[in-house]
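>>> Turn this into a model:
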Amino acid sequence: MKTKHFFKWVFLALAIFYASLPLHGEGKHVTQYRMLNVVPPTAEVAEELCRDMVDLYRSGAIDSAALICAIVPQGNPPIDKASQLLETYRTFQKKLEGSGLPFGILLQATMGHGGPGNIPTPFQKLVRGKNGKPIYSFCPEDKGFLEYIGKSIRTLAQGNPAFFMVDDDTRLLTLREGCFCPLHIARFNQLHSTNYTAEQLRKLVYEQDFLAHQYDEMLQKTMEDYFRFIRQTLDDIDPDLHCSLCICEQEARFSGNYAKILAGKSGSPILRLNNARYLLDTQRDIPQWLRKTATQLVSLRTQTKELLILAEPDTCPHNRYSMGAYSMLQQFTLSLLEGCKGGKWWITRYPVYEPGSGQAFRKILKKYQGQFKTLFEMNIVWSGAGVPLSLPGVFTFPVYQSQINSWENIFGRMGIPFAFTSEAASCNVLTERQIRELPPEQLEAIFRTSGVLLDGDAAALLTEQGHADWIGCKATKADKLPIAFEWWNGKRMNAGSYKRFLLTPVQKEDGQQASAQALSNYCQRPQQPGQPPKVVAPAALLCTNCFGQPVITMALSTQYGGGFEPFVIFNETRKAQLLSFLQKLKPLALFYPEDAEILLRYGFQGKQRFAYLTNLGFDPLENIPLRGEWTNAGAFQDVRVLSPSGQWEPVPTTRADDGTLLLSLPLPPHQIVILQFR
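Down below sits the predicted model:
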């Protein structure tokens, strides 16, 4: 009898325990999530997919999941996709009961990503600015389309999901160049009392800045209205139902405000930015990709401080033939180090079910989840050579995608640290890109308050603009200057043949040339053996500008092409020269002294000192050599490395004969080491 009562109470206690867990379909919403796993709506393998989600959740690899629901219209009349997806959602939801996993809905396509519909729907399509042709994405100005989307969202909301997320098909700029459909042309003409045709407006927005800004503002208002419509639809159902947003790069200028609209009163805004790296077969573009990430982060934070920003560690099409597991880890870790605070994961094949293709991704997520959690809580301010970013982001209509190199593409492969900055750093590096992008007042502040290193293209453009006094010399194109090589520090260097500039010090008010020091020279070969090289022109000048700041101007161009052109820059002597120039402007705390392709950065969180390195080449490093102020004797007590579990573990160190600090850490290709100097 006692045994019978005992088991009765045990079963009752278990029932109460499981009833207390968050079950979906019972009104449990979440407003914060950092590690979101998206899942295909493949109902026939729902059991397997749910088992996988729960396993990831219980291991700590994810904290939420969402079912992919594409409700972009198809069919005439439009098919009721939402009812079919609601049934699928409830199937998954039922199998997840008792797991505690917050399970939401990703509105993976509402306007549409542009793929053709099996049976087209006669709502108004977007009309691209580039070619004036429609694509299979729908215009939010169409009231019939809005009615369909509103009905679909109300249907899906009957499943009482933990949250909604809107995908990045909700855009008008990135890869679309606006929308020139009849509805948008009519709206523009009504707003501005004009009578343009689509062809006229498409032409004029590329020619008249004022008109382009008017058009851009109208596009922003279209999308703002669309997101307010989605939020109002959700509010009519449940004001506590959270909704987040995914964006594309050129929408970052204003999307922080969109995320606030979608979040509503239900919680702080969450936004996934645009920085995926799938389908790439090189790591050499990672510094440029970091710039893309940093530009979005700075722009978004300018709009709203409370924004939780997720990275895009997408593996599309979700197997290792597209993206390796360590490439995925590299992308996500670098995103966190740059300032993202989580990620939207897509690591499951779709529409086919191929579970073997995602196993390596899952192993990485489980192994490194402790490290991710540590990085979530860190906010490192990076230092080194300052690469200025324009704020709040380059005006992107007409569509602007700069192909101009910037110094991070060079330093980021040479182990020379840099930092993206929105304000003048103590040492800034400029190419033509910054001269064209930055507003004049921001540029002047840089030259007024800091030392600067710039290349010939930047110097020539400043000279053309009448600002030679900012750099202390004039730069003019001199591609046919008769030279054989560059001579620096007693060493001969390849001067290249593709582009160079003639540097001459500016004249002072008394008519005399300002003082300037040639740090390097272009030379001709000596006429006789044993004779010194004949100097033709300076290859680099150190001047004091009109604001009293040191400026180093190089006569070479960083805008190299293909073939062998880049190797005028990518060689060990040029690296030593660049390090020497930077040290004259501001001593570096840390740099990688050898010739492997290494991205190195260092920075501070309060008084704590951190650094990271990632191997962009194909050669594994057996140990890591470092030089700089942090490596000097007495400058540190020990060095720690952040382990996959999130713990700071000591690193054995030794000294080379030349004083280089050697860390006993391997660094294979694609992998990252995160260091703390104590």
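
>>> What distance do you get for the closest residue in space to residue 312 that isn't next to it in sequence to residue 364?
The shortest distance from residue 312 to any non-neighbouring residue, by C-beta to C-beta, 6 or more residues apart in numbering, is to residue 276 (4.3 Å). C-beta coordinates here come from the backbone N, C-alpha and C atoms, glycine included. Between residue 276 and residue 364 the computed distance is 16 Å (C-beta to C-beta, to the nearest Å).

>>> same question, residue 183
Between residue 183 and residue 364 the distance is 46 Å, computed by C-beta to C-beta.

>>> which residues of the stretch 351-500 of the chain fall in helices?
Counting by DSSP state H, counting those that start in this stretch, the stretch 351-500 of the chain has helices at residues 359-376, 408-414, 432-437, 440-449, 456-464, 468-471.

>>> For these, give me TSV that also has mean pLDDT, distance to residue 66 and mean neighbour count.
Supplementary listing: the helices of the stretch 351-500 of the chain in TSV, determined by pLDDT from 0 to 100; distance: least, C-beta to C-beta, whole Å; neighbours: other C-beta atoms under 10 Å:
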stretch	mean pLDDT	distance to residue 66	mean neighbour count
helix 359-376	97	16	18
helix 408-414	97	34	24
helix 432-437	91	36	21
helix 440-449	93	40	16
helix 456-464	97	45	23
helix 468-471	96	51	23
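
>>> Select, out of the ones you listed, the one closest to residue 619.
Closest to residue 619 of the helices of the stretch 351-500 of the chain is helix 408-414 (C-beta to C-beta; 13.2 Å).

>>> So which residues make contact with the closest one?
Helix 408-414 has contacts (C-beta atoms under 8 Å, 6 or more residues apart in numbering) with 284-288, 290-291, 384-385, 387, 416-418, 420, 429, 558, 569-570, 575, 578, 592, 597-599, 616.

>>> try 6 Å this time
287, 288, 291, 387, 418, 569, 575, 597, 599 (C-beta atoms under 6 Å, 6 or more residues apart in numbering).

>>> Sort out which of the residues you listed are buried, if you could.
Buried residues within the contacts of helix 408-414, counting neighbours by 16 or more other C-beta atoms under 10 Å: 287, 291, 387, 418, 569, 575, 597, 599.

>>> Next, the contact list for the second one, please.
Neighbouring residues of residue 291 by C-beta under 6 Å, 6+ apart: residue 408.

>>> Can you verify it is assigned to a strand?
No. According to DSSP: H, G, I helix; E, B strand; the rest coil, the state of residue 291 is helix, so it is not within a strand.

>>> What confidence value was assigned to it?
Model confidence at residue 291, given as pLDDT, is 94.

>>> Please apply the same query to residue 117.
Residue 117 is assigned a pLDDT of 67 by the prediction.

>>> any idea how far residue 334 is from residue 347?
18 Å.

>>> for residue 557, that is, sorry about that
When residue 557 is compared with residue 347 (using C-beta to C-beta), they lie 42 Å apart.

>>> Who has more neighbours out of these two?
Shown here are residue 557 and residue 347; by other C-beta atoms under 10 Å, residue 347 has more neighbours (27 against 24).

>>> mind listing what that one touches?
Listed by C-beta under 6 Å, 6+ apart, the contact partners of residue 347 are 315, 358, 361.

>>> Appreciated, that's everything.
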